[in-house]
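Engineer: Have a look; sequence and predicted model below, questions after that.
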Amino acid sequence: MSEEKKVFCPAFRVFAPRDGRPDFILGTLVIDVNSLFTWLKGEGGQYITEYQGNKQVKFEISTNKSDGRINFKVDTWKPTVKSPEEIAMENAPSDDLGLPF
């Protein structure tokens, strides 16, 4: 399996929590709205998907292994599209009922 390209939105900036914040505060996310719109109209547009009639971009939230910083990586996974022939083969009746006898 090949290593997938990591894609980050340049409009997102993540900062560590300020001193004295409770443990459940992971940090602060700042979104530069103008940069976000520019990115979505350009390179980021290819990552827009649709869900229940609404356009969206999915992000994976992770921590950097080396320093624990929070990252928002674009989720670039796409389902494999099957041809009609492949779907027909999967749904074709089989003589083998899966019985051991």
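Structural biologist: Right, received. Where do you want to start?

Engineer: check contacts around residue 38.
Structural biologist: Going by CB atoms under 8 Å, 6 or more residues apart in numbering, residue 38 touches residue 11. From N, CA and C alone the C-beta is placed, and that goes for glycine too.

Engineer: quick one: buried residues of the helix or strand harbouring it?
Structural biologist: In the assignment (DSSP states H and E), residue 38 maps to helix 33-41. Neighbour counts over helix 33-41 (16 or more other CB atoms under 10 Å) mark 36, 39, 40 as buried.

Engineer: what's the answer for stretch 59-73, then?
Structural biologist: Neighbour-count burial for stretch 59-73 flags 59, 70, 72, 73 (criterion: 16+ other CB under 10 Å).

Engineer: Distance of the last one relative to residue 9?
Structural biologist: The gap separating residue 73 from residue 9 is 9 Å, by CB to CB, to the nearest Å.

Engineer: Now do the shared contacts for those two.
Structural biologist: residue 59.

Engineer: so where's this protein shaky on pLDDT?
Structural biologist: Applying pLDDT under 70 to the chain picks out residues 1-3, 93-101.

Engineer: got a list of what the spatially most central residue of the chain touches?
Structural biologist: Nearest residue to the geometric centre of the chain (CA atoms, centre = their mean): residue 75, 1.7 Å. Counting by CB under 8 Å, 6+ apart, residue 75 makes contact with 47, 58, 59, 60.

Engineer: is it true that the last one touches residue 47?
Structural biologist: No: between residue 60 and residue 47 there is no contact, the gap being 11.7 Å when judged by CB atoms under 8 Å.

Engineer: overlap in contacts of these two?
Structural biologist: Counting by CB under 8 Å, 6+ apart, the residues touching both residue 60 and residue 47 are 74, 75.

Engineer: So which of the buried residues of stretch 59-73 belong to strands?
Structural biologist: Judged by DSSP state E, strands contain the following of the buried residues of stretch 59-73: 59, 70, 72, 73.
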